[in-house]
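K.L.:
test case, fold it:
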Amino acid sequence: MEDPMQLIEYLTMKDIISEAGPDLLSKTDKHRRADLLAAVEKSSVLQDVVRRAYRHKKDRQMEGRQTRLKKSRLNDEVVEKNTNEDSEFFRNPDEEVKKKALASFIDHTGNTHSLQSSCVSCAREKFVDDLEGIYINQIPNPHLLTPVFRHHAQSLVHGMLLYIPAIIKAYNQQWGPICSDCLQDLHAKKIPLYSLANGLWIGDIPDELAILNLPELYVIKLYPQRKDGLPSELFTIIKHSDQEHLEQEREGYMIGDDDTDDEHNEIVAQAKWTMQYSDRHFRKDFHFMFQVFGVIQKCEKHLSAVRAKVMGTDESRINICLYIWGMTIMKNPPSLWITINPTDTHDPIAQVFAGEDIDLDNLNCNLGPDSSHRATIIANDPYAAAIFFHFIIQAILEELMGISVSKSKNGHIMRHKGIFGTVEGYIGTVEAQGRGTLHLHMLVWLQGAPTAVVMKNRLQSPEFRTKVANYIGANIHAHHAQNENLFVQYKFTSVVEDA
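P.N.:
Residues are numbered from 1 along each chain as shown. From the prediction side, this is the model:
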């Protein structure tokens, strides 16, 4: 006979109490598991209850497995019916669909969508799609843009602290672009988070400071000048220990070990603002960039929840694996594995983001900077390379693959047929190569993708194998300089014949 004290390890208190009914157990026995175990050990009646509860639980588990297996078989039958040679899965899109997708991609990467301008409120450089033109005297709730901290060098426009270089005179009125973030906050009667009036005004950088390197700037910060122009601390520096200087510097730039998620988010937000600041002096200062990222990493080291959002950490890899498993349960196994590696060094779009004047709609490959100059431009502005990467990936997803997320709060997913058919979803991770170039690894789920079992059965059919081979041959192939058509035809004909 089965030992009830061993069986009880597989049961919850709820299982035993439900089987025992209302009369066999006291309130004390129902309160703590230890008391329940002691009661079962003393009572043969309760031991029989445990045996019955164990048998009933095993029966329920068996019924559940059978139900899930039945549902899985029915699902496989439905999927198999929908993945025959007449289904949308792995069906080559019409040439008209591909031409339309390519035309949309070309438009997306032209002058209009790649144009950037500065917001008059926050001075951030944004794509024109995220900006709205407005007359300065029509800015809503202008009192919210009155500076929090006044400085004698500030120039106010209608009582507002604005980014003067972004203001244009049109029809005898002042006009300028404003970003959706600032405009939304102003309509909500809130001070825009990134506005210059919210303590982010820095003014023009004096030439004397613009030519200083990072150690020299540290000296200015640590040792303010006396009236005679000489830092008094330099004469008494011998009295300070290295530890004292480290602590003094830490107070100005570093954060404590007990900082919260809010402080981390504020640091990240400020870092993004500096990278987007219109005059670009922050993003071109490599010392500043590494210092900021060092502060962010120090904070993230203590925040496991934040580390899950940082590419390359163990937490982020675990998160991605969970997303993949969840998507596989919902949409069946992925259909495509794709790596996208845009060339940032020599792409004219990246040069435009770095500040070069290039007409993307009427591109002349023989004009513009030479190869060495292009590489130098990108090396001096890595932020432009990052913007280029995300710009190209977004264009590929939205125009070529036909999937995008709306900018509304609900984040509604929009789909249309692209070069691979209809994409149900994707999961990707961004990595950097040795020289810093970004690339994307991505799993793609196509509409109507079958389960692994159905896919295996369908591949036994010569018609389905031909369908898959034709899909691969038409959509996924490498550029071959010589005899490309013969190479592709031979390769995929062999796949069909050998399968």
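K.L.:
now stretch 290-297: buried residues?
P.N.:
Buried residues in stretch 290-297, counted by 16 or more other C-beta atoms under 10 Å: 292, 295, 296. (Each C-beta comes from the backbone N, C-alpha and C, glycine too.)
K.L.:
what mean pLDDT does that stretch have?
P.N.:
Taken as a whole, stretch 290-297 has a mean pLDDT of 78.
K.L.:
over to stretch 110-117?
P.N.:
Mean predicted lDDT for stretch 110-117 stands at 90.
K.L.:
now distance to residue 63 too, for the buried residues of stretch 290-297, in a markdown table please.
P.N.:
Formatted as a markdown table, the buried residues of stretch 290-297 follow (distance: C-beta to C-beta, whole Å):
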| residue | distance to residue 63 |
| --- | --- |
| 292 | 58 |
| 295 | 57 |
| 296 | 52 |
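K.L.:
enumerate every residue touching residue 45.
P.N.:
residue 24 (C-beta atoms under 8 Å, 6 or more residues apart in numbering).
K.L.:
list the ones among the buried residues of stretch 290-297 that fall in helices.
P.N.:
Here DSSP state H is the test, and the buried residues of stretch 290-297 give 292, 295, 296 as lying in helices.
K.L.:
and for the first one, nearest residue in space, chain neighbours not counted?
P.N.:
Put plainly, it is residue 292. Excluding the flanking residues, the one nearest residue 292 by C-beta to C-beta, 6 or more residues apart in numbering is residue 271, at 4.8 Å.
K.L.:
for that neighbour, phi and psi?
P.N.:
Note on residue 271: its backbone torsions stand at phi -60, psi -40 [degrees, to the nearest 10].
K.L.:
then residue 439?
P.N.:
phi -150, psi 160.
K.L.:
with adjacent residues omitted, what lies nearest to residue 398?
P.N.:
Residue 398 sits nearest to residue 404 (C-beta to C-beta, 6+ apart), 4.3 Å away.
K.L.:
neighbouring contacts of the strand or helix carrying that neighbour?
P.N.:
Following DSSP states H and E, one finds residue 404 within strand 403-405. If you take C-beta under 8 Å, 6+ apart as the criterion, strand 403-405 is touched by 397, 398, 411, 412, 413, 414, 415, 418, 423, 425, 426.
K.L.:
those: which two are farthest apart?
P.N.:
411 and 418 (19.8 Å; C-beta to C-beta).
K.L.:
show me which of these two is the more surrounded one.
P.N.:
Ranked by neighbour count (other C-beta atoms under 10 Å), residue 411 and residue 418 place residue 418 first, with 23 against 8.
K.L.:
spit out the contact partners of the closest residue to the more buried one other than its chain neighbours.
P.N.:
Spatial nearest neighbour of residue 418, excluding adjacent residues (C-beta to C-beta, 6+ apart): residue 402 at 3.2 Å. Residues in contact with residue 402 (C-beta under 8 Å, 6+ apart) are 101, 415, 416, 417, 418, 422, 423.
K.L.:
buried subset of those as a PyMOL selection?
P.N.:
Per 16+ other C-beta under 10 Å, the buried members of the contacts of residue 402 correspond to this PyMOL selection:
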select buried, resi 101+416+417+418+422+423
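K.L.:
want to throw the contacts of residue 402 into CSV with secondary structure, distance to residue 133 and pLDDT?
P.N.:
Listed next are the contacts of residue 402 as CSV, based on DSSP: H, G, I helix; E, B strand; the rest coil; distance: C-beta to C-beta, whole Å; pLDDT from 0 to 100:
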residue, secondary structure, distance to residue 133, pLDDT
101, helix, 30, 93
415, strand, 31, 91
416, coil, 29, 91
417, coil, 34, 92
418, strand, 32, 92
422, coil, 36, 91
423, strand, 34, 92
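K.L.:
just give me the closest of the contacts of residue 402 to residue 378.
P.N.:
Closest to residue 378, out of all of the contacts of residue 402 and judged by C-beta to C-beta, is residue 101, at 28.0 Å.
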